[in-house]
Structures are given as structure tokens and as C-alpha cells.
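Trainee: got a sequence here, can you build the structure:
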Amino acid sequence: MIRLDDYQGSSSELAEFITSTWRKSYEGKMTFPLWSAEYFEWQLRWNNPHFRRNLIAIYDDSRLVATLLGSEYSFRCGNEILPGSIWSWMTIDPAYRGQGFAKLLNEERIRRLKDRHIDLVVSYRYFGSKSSLAERPHRNSGDNTAKFHNKVGFWVRVLNPQGVWDWSLSSAAAWGAKLTSPWAPLPKLGKEEKYIRKANPDDIPQCLELIHEKTNSLPLAIHWDQETLSNQLLGSSLSTTLVYEREEKIEGFINFHLLTSFSKCEGQMGLLDVMSTQRLSSHKSLYLMYAVMQEMLNQGAIVALKLRSGDEDLLLMLRSYFAPRAPESHLVLQWIGQEREVPKNAKTHLLWR
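Mentor: Predicted structure coming up:
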């Protein structure tokens with residue numbers, strides 16, 4: 001018997017279901033992430049019972065056949081702070097596709113969010129490959145609350161050209177990595193090294209001040225608080241945050257996490273999530289970025305990525321040899337309560353999940 005419920009299993013079982021299903025759908029056709037139990041425990045705040053209602057599952061008797069998962073954040077929209085969430089990982093067992101499960105999961109999500117007075121869902125739909133099963137604007141499910149707001153892409157910086165050559169399904173991307181070899185080596189930090197270190201819990205208040213200063217003027221941004229920022233910056237061994245500190249004052253920080261993806265083989269991507277460098281000179285911010293990329297390399301990353309949402313320092317990205325990649329995803333804003341106005345292609349501060 002088919003039933004909607006909270007997800008009932010372990011994080012390991014969830015990762016196995018989603019990753020094995022994505023392998024069946026995409027292996028040999030397109031690049032896709034390999035989600036881990038540790039990743040879900042970190043992003044879904046696994047040990048907090050309050051957030052279990054964001055883990056929606058469909059079961060056929062005791063068999064897990066579909067999932068839709070979310071994580072709660074507050075958002076600043078103009079001058080208003082409102083409750084919201086970021087959702088992803090819609091996964092349907094191939095044997096159960098074509099039965100309206102995507103619509104069922106979305107309707108259940110809306111019902112739950114209305115009960116909790118959550119106003120906004122942020123999500124993405126990947127269209128960079130014809131093999132992607134993600135919803136397209138012309139194949140909208142009939143849910144008029146989901147607005148395909150604009151297209152988004154990534155900044156890309158090759159860290160290990162040979163690693164990208166071996167990993168990439170795309171011959172153009174593989175040759176591009178080879179051609180960027182002269183820019184791949186990272187310079188020594190020199191005297192700047194003494195000011196750059198890994199973040200610790202005592203740094204959170206200063207980092208919170210910095211990220212609010214950077215994002216409060218944006219039309220749409222995650223409104224971090226002590227708990228969410230601490231979880232993002234320090235909540236998992238997958239996540240690393242480097243700070244630039246002088247005279248016991250943090251002047252900037254960059255946070256990234258590692259995510260394993262599969263193309264021709266497995267490869268580690270370093271995803272830049274939260275950055276605040278506006279108080280740093282261009283020289284200091286560049287060396288902080290160099291330190292971050294070196295740390296990514298040390299952890300095994302072959303490429304660094306940053307969502308092109310407008311919250312990045314354009315000069316910093318160009319000076320550190322990031323290249324803008326063509327958009328491959330739709331940013332979708334789904335208003336559960338009153339719809340707010342967010343200009344098309346406005347600068348935003350969001351996470352890609």
C-alpha cells in the first residue's frame with residue numbers, strides 16, 4: 001500500500017536510496033553528485049527532531065520509493081525577514097515513475113509548510129543535460145506557486161587539470177582543463193599566511209556581523225543567525241572555513257564544502273558557499289582565496305565552484321582565475337504564503353543544493 005510519511009530510516013539508508021537511484025538514471029549520461037550520510041546529517045540537521053518534518057517520503061508498504069527533502073532558513077526579502085526553506089533531492093524509484101508521485105510530494109510539502117507558516121521554498125531545476133529528469137518550465141506540474149525565476153550558472157576554477165581530464169564526461173571540459181594548466185598552480189602565501197587560519201566557534205559572532213553587512217542590502221538573501229551560520233561553517237568535517245584575522249579582528253572569511261560527484265569516475269568538487277571579503281583589500285582577499293583553494297587541493301578537490309548569484313566579488317573571482325560557466329539550472333522560488341517581489345536576475349545570496 002502506498003503511503004506518504006516522514007522518512008523513517010537512517011541517514012546511511014537515505015544516502016544509499018538516493019545515490020543508487022541517481023546512478024540508475026544518470027550514470028554514463030551526465031555528471032551528478034554522490035550524496036553521503038554525513039552530508040545529509042549536516043545539511044538536514046539530522047539530530048534535531050524539529051526538522052524531521054522536512055524529510056518527506058513515499059513508501060510502498062515498508063519499501064522506500066520516493067523522497068523530497070528540505071532544510072529551514074530565514075530569508076531577508078527587501079526589508080522583511082521571513083521563514084523559508086531550501087529543498088532538493090526529489091528522487092523516485094524508476095519502477096514507480098509516471099504515477100504522480102512528484103505532485104504528491106509537492107502537495108504534501110506545501111501542506112506541511114502552511115501548517116508551520118513558512119513562506120518561501122528555494123530550489124533548483126537542472127537543465128544542463130537532456131538526460132536530467134528535473135522539471136522544466138514547459139513541463140510545469142500545474143503548481144502555479146512554483147516560479148521559474150531566472151537561470152543560474154557557476155564560476156569554475158580548475159585545481160587539478162589531470163584530475164579533471166580523467167573525471168570529465170565532456171571532452172570540451174577535459175581539454176579546457178588541460179589548457180588552464182598554466183594557471184592551476186597556486187602561489188605561496190608568504191607573509192599573509194600568518195593571518196589566515198581555520199575558523200572556530202568563537203569566530204561565529206564576528207562572521208555573522210560580516211555576512212549581515214554584506215547581504216542586508218540584497219533583494220533576496222539567507223538571513224543567517226547564530227545557529228544556522230555555526231552549522232554551515234563548522235557543522236561537519238565536509239565543511240571548512242578559513243578566516244583572515246589581524247589583531248584579534250576577523251576581516252573576512254570564506255566557507256566551502258567538498259562534494260563527491262560522478263562523471264566518468266568519482267571526483268571531489270569544492271563548493272564555495274558563504275564568502276565575506278568586503279572589508280579586505282583586493283590583495284588580502286586574493287590571498288585568502290588562494291589559501292582556500294590550496295586547502296581544497298589538500299582535501300582532494302579537482303575543481304572549485306561558486307554559484308553565480310551576484311553576491312561574489314567579481315574582481316576577486318577573475319583575479320583568482322575563475323571562469324563563468326553558462327547557466328545550467330533554473331532558480332525556482334515557490335511562495336507558500338504571500339508572494340513578494342524579487343526582481344528578475346537580482347543579486348541574491350543563496351546556497352546551491
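Trainee: so how far is stretch 116-130 from its chain's centroid?
Mentor: With C-alpha atoms, centre = their mean, to the nearest Å as the basis, the distance from the averaged C-alpha position of stretch 116-130 to the chain average is 12 Å.
Trainee: stretch 163-177 now?
Mentor: For stretch 163-177, the distance between its averaged C-alpha position and the chain's averaged C-alpha position is 22 Å (C-alpha atoms, centre = their mean).
Trainee: cool, and stretch 20-35?
Mentor: Distance of stretch 20-35 from the chain centroid (C-alpha atoms, centre = their mean) equals 17 Å.
Trainee: what's that stretch in contact with?
Mentor: 15, 18-19, 89, 91-94, 128-129, 131-133, 168-169, 259-263, 266 (C-beta atoms under 8 Å, 6 or more residues apart in numbering). Using the backbone N, CA and C atoms, a C-beta is placed for each residue, glycine as well.
Trainee: now, the residues you listed that are in helices?
Mentor: Here DSSP state H is the test, and the contacts of stretch 20-35 give Ala15, Ile18, Thr19 as lying in helices.
Trainee: output those residues as JSON lines; include the columns pLDDT, neighbour count and distance to Met293.
Mentor: Written out in JSON lines, the entries for those read as follows (pLDDT from 0 to 100; neighbours: other C-beta atoms under 10 Å; distance: C-beta to C-beta, whole Å):
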{"residue": "Ala15", "pLDDT": "98", "neighbour count": "18", "distance to Met293": "27"}
{"residue": "Ile18", "pLDDT": "98", "neighbour count": "21", "distance to Met293": "29"}
{"residue": "Thr19", "pLDDT": "97", "neighbour count": "18", "distance to Met293": "27"}
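Trainee: what sits against Gly310?
Mentor: Leu218, Ala346, Lys347, Thr348.
Trainee: same question for Glu341.
Mentor: For Glu341, counting by C-beta under 8 Å, 6+ apart, the contacting residues are Gly78.
Trainee: next one: it from Pro83, what distance?
Mentor: Noted for Glu341: a distance of 18 Å to Pro83, by C-beta to C-beta, to the nearest Å.
Trainee: kindly report the same for Thr215.
Mentor: In this structure, Thr215 and Pro83 are separated by 17 Å, where distance is defined by C-beta to C-beta.
Trainee: hang on, the earlier thing: any of the contacts of stretch 20-35 buried? List them.
Mentor: Neighbour-count burial within the contacts of stretch 20-35 applies to 15, 18-19, 89, 91-93, 129, 132-133, 168, 259-263; the criterion is 16 or more other C-beta atoms under 10 Å.
Trainee: for the helix or strand hosting Arg111, what is the average pLDDT?
Mentor: Element membership for Arg111, per DSSP states H and E: helix 101-115. Averaged across helix 101-115, pLDDT comes to 95.
Trainee: tell me the helices and strands packed up against that helix.
Mentor: For helix 101-115, the contact count by 3 or more C-beta pairs under 8 Å, 6 or more residues apart in numbering; DSSP states H and E identifies strand 2-6, strand 55-60, strand 63-77, strand 80-92 as packing neighbours.
Trainee: Leu242: which of those strands is closest?
Mentor: Nearest of those to Leu242, taken as C-beta to C-beta: strand 63-77 at 22.7 Å.
Trainee: now the closest one against strand 2-6, angle please.
Mentor: Computed with axes from the mean of the first three to the mean of the last three C-alpha atoms, to 10 degrees, the direction of strand 63-77 lies at 40 degrees from that of strand 2-6.
Trainee: by contact count, what packs against strand 63-77?
Mentor: By contact count (3+ C-beta pairs under 8 Å, 6+ apart), the secondary structure elements abutting strand 63-77 are helix 11-26, strand 55-60, strand 80-92, helix 101-115, strand 120-126, strand 220-222.
Trainee: tell me where the stretch 251-353 of the chain has helices.
Mentor: When secondary structure is read from DSSP state H, counting those that start in this stretch, the stretch 251-353 of the chain shows helices at 282-298, 314-319.
Trainee: re earlier: tell me which of the contacts of Gly310 fall in strands.
Mentor: Using DSSP state E to define strands, the subset of the contacts of Gly310 located there is Thr348.
Trainee: most neighbours out of the contacts of Gly310, which is it?
Mentor: Scoring the contacts of Gly310 on neighbours with other C-beta atoms under 10 Å, the highest-scoring entry is Thr348 at 25 neighbours.
Trainee: please report how far it lies from Glu328.
Mentor: As judged by C-beta to C-beta, Thr348 and Glu328 stand 17 Å apart.
Trainee: ok, Ser85 next?
Mentor: Using C-beta to C-beta, which is the criterion applied here, Ser85 is 23 Å from Glu328.
Trainee: quick check: phi and psi at Arg52.
Mentor: As for Arg52, its main-chain torsions (degrees, to the nearest 10) stand at phi -70, psi -20.
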